[in-house]
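Participant: Structure of the sequence below:
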Amino acid sequence: MMQRRKIKSLCVQETRCKGNKAKILAEGYKLLYSSESPESRNGVGVILHRKLQEEVCEVNKVNDTVMYVKMMFGREMVTVLTAYASEAGCSEDGKEKFWRDLDGVMVGVPENERVIVGGDLNGHVGGRKESVQEWWKIDSAVIRKTGEEVFWLTSGRGVPEDKEAWWWNEEVQKVVKEKKDAKRKWDMSRSAEDGQAYKRAKKEAKRAVAKAKAESVREAYEQLQKNQDMRQLIWIGKSRDKASKDLTAIKQMKDEIGIILHGHGKIIQMWLDYFEKLLNEENVRVKTEEGGQTKD
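Facilitator: Now for the predicted structure:
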């Protein structure tokens with residue numbers, strides 16, 4: 001969906017992923033997430049396009065309800081903040097803690113940086129309870145209708161837990177597209193003929209995916225047996241480890257007062273100043289009782 005809509009960055013909530021890591025999704029997108037456990041309703045994350053992954057200079061996972069990512073958009077530093085205000089079953093202390101954490105992050109962002117907040121804050125509209133319910137009754141139908149027309153309907157099962165795309169090829173892409181088109185047509189018509197066509201397309205897609213996976217695994221084993229060494233295994237291990245990290249490339253650095261520098265010239269000058277001070281600064285010498293000198 002992100003690739004079709006040309007979305008480069010997306011804030012998500014209720015990820016239900018375990019831990020504070022990152023994972024590679026389909027089409028080269030990467031999910032940076034913060035969560036406690038899959039059973040928890042909380043969990044926030046930011047999905048980034050491959051072109052933005054190397055522009056990330058800081059990731060702060062405050063907790064499983066608030067996190068932010070700092071990155072460069074052109075020549076501008078931008079903070080993308082994702083948050084989830086859990087309401088059902090949450091105590092008043094928990095709600096207050098969420099707003100304190102969110103406020104702490106917002107206060108800590110420098111004034112010269114742009115902030116983009118994408119979150120599910122569970123807010124309410126209207127001064128009275130009756131007005132809120134009346135508003136929702138009228139407008140929710142319009143919202144759902146617009147969503148179906150723009151994004152279409154899904155099965156509701158969600159994304160599979162360890163979704164991988166290393167076996168993806170043009171043939172799989174073609175049959176999956178045909179399956180989606182058949183599903184969309186069936187959702188609109190609800191006819192028995194379109195339903196049978198969707199079932200056939202679904203079987204073909206499953207068959208193509210299984211074939212592509214088996215072929216990719218066979219090629220990988222043949223390559224490993226051909227090399228007869230550990231280099232390929234080490235490369236695979238390093239690639240998987242790199243994919244699980246938030247930062248994969250560092251193009252910025254902070255100066256002495258914490259301001260993020262971007263630009264080759266400024267970074268080189270910062271390193272020159274640092275090493276000049278390190279190699280040429282004299283430490284204070286203190287005389288000892290024996291008459292010698294020691295460095296303080």
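
Participant: Report the mean per-residue pLDDT for the longest helix anywhere in the chain.
Facilitator: Using DSSP state H, we find that the single longest helix of the chain is helix 192-227. Average pLDDT, helix 192-227: 82.

Participant: what about the helices in the stretch 101-250 of the chain?
Facilitator: Ranges of helices within the stretch 101-250 of the chain are 129-151, 170-189, 192-227, 231-243, based on DSSP state H, counting those that start in this stretch.

Participant: For the longest helix of the chain, buried residues please.
Facilitator: 194, 197-198, 201-202, 204-205, 208-209, 212 (16 or more other Cβ atoms under 10 Å). (C-beta placed from N, C-alpha, C; glycine too.)

Participant: Ok, stretch 109-128 next?
Facilitator: 119-120.

Participant: which residues touch that stretch?
Facilitator: Residues outside stretch 109-128 that contact it (Cβ atoms under 8 Å, 6 or more residues apart in numbering): 9-11, 13-14, 44, 70, 73, 76-87, 106, 132, 135, 259.

Participant: what's near enough to touch residue 183?
Facilitator: 198, 201-202.

Participant: Show me the contact partners of the strand or helix carrying residue 93.
Facilitator: Per DSSP states H and E, residue 93 falls inside helix 92-108. Helix 92-108 is contacted by residues 60, 62-63, 65-66, 68, 81, 83, 85-87, 115 when judged by Cβ under 8 Å, 6+ apart.

Participant: go with 7 Å
Facilitator: For helix 92-108, contacts defined as Cβ atoms under 7 Å, 6 or more residues apart in numbering pick out 62-63, 65-66, 68, 81, 83, 85, 115.

Participant: what does stretch 57-69 give?
Facilitator: 20, 32, 34-36, 40, 42-44, 46, 56, 70-72, 79-84, 86, 98, 101-102, 105, 246-247, 251-252, 260.

Participant: Please list the members of these that lie in helices.
Facilitator: Short answer: these in helices (DSSP H) are 98, 101-102, 105.

Participant: any idea which of those is closest to residue 91?
Facilitator: residue 98 (10.8 Å; Cβ to Cβ).

Participant: what's the burial count for the closest one?
Facilitator: As a burial measure, residue 98 scores 22 neighbours (other Cβ atoms under 10 Å).

Participant: Please report how far residue 58 lies from residue 25.
Facilitator: 21 Å (Cβ to Cβ, to the nearest Å).

Participant: again, but for residue 204
Facilitator: 24 Å.

Participant: before we move on, back to that, run the chain-centre distance for the helix holding residue 93.
Facilitator: Here helix 92-108 is found 21 Å from its chain centre; the criterion is Cα atoms, centre = their mean, to the nearest Å.

Participant: As JSON lines, the helices of the stretch 101-250 of the chain with distance to residue 52 would be great.
Facilitator: Formatted as JSON lines, the helices of the stretch 101-250 of the chain follow (distance: least, Cβ to Cβ, whole Å):
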{"stretch": "helix 129-151", "distance to residue 52": "23"}
{"stretch": "helix 170-189", "distance to residue 52": "23"}
{"stretch": "helix 192-227", "distance to residue 52": "27"}
{"stretch": "helix 231-243", "distance to residue 52": "15"}
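
Participant: picking up where we left off before, what angle do the longest helix of the chain and helix 170-189 make?
Facilitator: 160 degrees (axes from the mean of the first three to the mean of the last three Cα atoms, to 10 degrees).

Participant: name the helices or strands packed onto helix 192-227?
Facilitator: helix 170-189, helix 231-243 (3 or more Cβ pairs under 7 Å, 6 or more residues apart in numbering; DSSP states H and E).

Participant: Output those as JSON lines; include the columns mean pLDDT and distance to residue 276.
Facilitator: What follows is the helices and strands packed on helix 192-227, written out as JSON lines (pLDDT from 0 to 100; distance: least, Cβ to Cβ, whole Å):
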{"stretch": "helix 170-189", "mean pLDDT": "87", "distance to residue 276": "55"}
{"stretch": "helix 231-243", "mean pLDDT": "72", "distance to residue 276": "34"}
